[in-house]
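1. the sequence and its predicted three-dimensional model are supplied below.
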Amino acid sequence: MKQICGRIWLGRLKVMFSRIGLYFSYINFIILVMTFYSVTGYRYAPLWMFLLASGIGAVCIGGIDYFVMLPSEQAFLNQQFARHKNPLCDDIKYIKQKLEEVK
């Protein structure tokens with residue numbers, strides 16, 4: 001099977017909605033934290049401590065994503081890039097071959 005030649009506007013629309021969805025997830029997280037606090041969280045800690053713990057938790061998750069998941073994802077994408085007959089990868093191999101000939 002071959003991939004169809006896609007329309008640029010459709011890809012642009014998908015990227016735009018994906019990026020907008022990220023901001024809605026931030027808003028959803030804040031609402032979720034405040035709902036949890038108002039239902040049961042107030043029994044365990046004052047609001048400032050609860051918000052501080054939530055912020056620290058979000059920063060820790062971001063750190064894990066940045067330092068562990070992002071390099072792994074990039075390595076996977078690079079592997080897929082090289083494996084699936086990408087013309088740019090062929091060009092790089094050709095350039096490297098020519099450089100070796102020049103040396």
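-> Arrived safely. Numbers count the residues shown, from 1 in each chain.

2. buried residues of the top helix by length along the chain, list them for me.
-> Determined from DSSP state H, the single longest helix within the chain is helix 8-39. For helix 8-39, the neighbour count (16 or more other C-beta atoms under 10 Å) marks Val33, Tyr37 as buried. The C-beta positions use only the backbone N, C-alpha and C, and glycine is treated the same way.

3. local confidence estimate at the residue nearest the centre of the chain?
-> Centroid-nearest residue in the chain: Leu70, 7.2 Å away (criterion: C-alpha atoms, centre = their mean). Leu70 carries a pLDDT score of 92 in this model.

4. kindly export the helix or strand harbouring it (C-alpha atoms) in PDB.
-> For Leu70, the host element (DSSP states H and E) is helix 70-83. Extracted in PDB, the C-alpha atoms of helix 70-83 (Å, rounded to 0.1, in the frame of the first residue of the first chain):
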ATOM      1  CA  LEU A  70      12.400  13.100  25.000                       C
ATOM      2  CA  PRO A  71      15.800  11.500  24.200                       C
ATOM      3  CA  SER A  72      14.100   8.100  23.900                       C
ATOM      4  CA  GLU A  73      11.500   9.500  21.500                       C
ATOM      5  CA  GLN A  74      14.100  11.300  19.400                       C
ATOM      6  CA  ALA A  75      16.200   8.100  19.100                       C
ATOM      7  CA  PHE A  76      13.100   6.200  18.000                       C
ATOM      8  CA  LEU A  77      12.200   8.900  15.400                       C
ATOM      9  CA  ASN A  78      15.800   8.900  14.100                       C
ATOM     10  CA  GLN A  79      15.700   5.200  13.700                       C
ATOM     11  CA  GLN A  80      12.400   5.400  11.800                       C
ATOM     12  CA  PHE A  81      13.900   8.200   9.700                       C
ATOM     13  CA  ALA A  82      16.900   6.000   8.600                       C
ATOM     14  CA  ARG A  83      15.000   2.800   8.300                       C
END
